[in-house]
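Undergrad: attaching a predicted model along with its sequence, questions to come.
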Amino acid sequence: MNIQPLTLINVSGNVRIGRISRNLVSASSSRIASSCTVALTLAIFALVYGRASAVTVFTSGGFEPPDYSTTYNPGTGYNGQLEGQPPAAPSLFFRQSGPNINTAKVVSNTVGGTGLQVVRLDRTNTPDTRWGVPLTGYPLSPADTISISWDMRVEQAAGPVGTFGPYFGIEAYASPSGGNTLLGSLGVDATTHDLLYQAAGTGDLTETGILVAPGQWNHYGMDLNYATHQYKIYFNNTQVGSPVGFVDGPFNAFSDADLAGLIAAANSAAVPGTAFYDNYLISEVPEPAAIALCSIVLFVAGASRRPRTPW
């Protein structure tokens, strides 16, 4: 999680913000041949048509009880604070980067979400604040895709005319220790209603041409492709535009995907804003060629010895 430099608003639409035994008996030969045929068939299918099922990296479980509580308070924060939840997890819990002047709390769902509870993020003033779960060892394979999805409802803000801010969304990073390691970003400006992403190299907030009505739930997604070092963005399960290069460079790691409430422009730094989040999920999708190769190796190996028991 990072607090990054930002530049002033560009009224035309761009703004700079912070930024995975050989000894077989002859009686088995026909079974082996059959296994290899199946393996090759599956391999070809995987290469041409398929993707393996995604592996869950982290899920909020809809921020539902008993894992998340609207009354959680470690004694130094506020009731329902997201930081420290879920408290039963030994390490996979949300951390906060930035001051408590901006808050993220688990609240009862009174805004039309799908479950009993949602996260409410309130931005009141500068500086920026982010909430994420630090992860290590991802992606598991250098050619895999990290997929991030969430539901979000952004309320109307009253920022200055012709300028962005505040901005609510998700930022994905390659390192939790700071520096410019932003991979991708997708969110909504609470004043202008623009669906925005950050451009490769510059980090400019860039308009997609889609306006998101305030006070309504929508589904968002980002796919981080480590084979191409590009990310795709999705709005209500539909890809928006073409893939975009990783914002701060071709990193090969993934560390966190932060719920973020950002300034977006200097002259809107003190503009209050509110957004609600639900169904936050991070998963990893194997690259199709790797699936095919694994199919061949596992089936051929299985002809000569028993497969390993699943973890």
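TA: Thanks, I have it. Residues are numbered from 1 along each chain as shown.
Undergrad: which residues touch the closest residue to L211 other than its chain neighbours?
TA: Excluding the flanking residues, the one nearest L211 by C-beta to C-beta, 6 or more residues apart in numbering is H193, at 4.6 Å. All C-beta atoms are positioned from the backbone trio N, CA, C, and that covers glycine. Each residue near H193 by C-beta atoms under 8 Å, 6 or more residues apart in numbering is listed here: L211, V212, A213, P214.
Undergrad: the second one: neighbour count?
TA: In other words, V212. By other C-beta atoms under 10 Å, 22 other residues sit near V212.
Undergrad: what about the stretch 1-150 of the chain, any weak spots by pLDDT?
TA: Filtered on pLDDT under 70, the stretch 1-150 of the chain yields the residue ranges 1-52.
Undergrad: returning to that earlier point: narrow the contacts of H193 to just the buried residues.
TA: Using 16 or more other C-beta atoms under 10 Å as the burial test, the contacts of H193 include V212 as buried.
Undergrad: any idea which helix or strand carries the closest residue in space to D189 that isn't next to it in sequence?
TA: Ranked by C-beta to C-beta, 6+ apart and with sequence neighbours excluded, the top spatial neighbour of D189 is F164, at 4.9 Å. Under DSSP states H and E, no helix or strand contains F164.
Undergrad: just the pLDDT for F164.
TA: Model confidence at F164, given as pLDDT, is 88.
Undergrad: hang on, it packs against G187?
TA: No: look at F164 against G187 with C-beta atoms under 8 Å: they stay out of range, at 10.6 Å.
Undergrad: isn't G169 up against G187?
TA: Yes: assessed by C-beta under 8 Å, G169 is found in contact with G187 at 1.7 Å.
Undergrad: identify the contacts common to these two.
TA: Common neighbours of G169 and G187, counting by C-beta under 8 Å, 6+ apart, are M152, L196, Y220, A260.
Undergrad: now do the same contact list for the first one.
TA: With C-beta under 8 Å, 6+ apart as the criterion, the residues that contact M152 are F168, G169, G187, V188, W217, N218, Y220, A275, F276, Y277, D278.
Undergrad: could you rerun that using 10 Å?
TA: 118-119, 121, 168-170, 186-188, 212, 216-220, 259, 275-280 (C-beta atoms under 10 Å, 6 or more residues apart in numbering).
Undergrad: now swap in the second one and tell me
TA: Taking C-beta under 10 Å, 6+ apart as the definition of contact, the neighbours of L196 are 13-15, 17, 164, 167, 169, 185-189, 204-208, 210, 212, 233, 264.
Undergrad: could you flag which of those are buried?
TA: For the contacts of L196, buried by 16+ other C-beta under 10 Å: 14-15, 17, 164, 167, 169, 185-189, 204-207, 210, 212, 233, 264.
Undergrad: so what sits against both of F164 and G187?
TA: D194, L196, L205, L262, A264.
Undergrad: which of the residues you listed sits closest to I148?
TA: L196 (15.8 Å; C-beta to C-beta).
Undergrad: could you list every residue that touches F94?
TA: 58, 60, 68, 81-86, 104, 106, 119, 130-134, 256, 258-259, 280.
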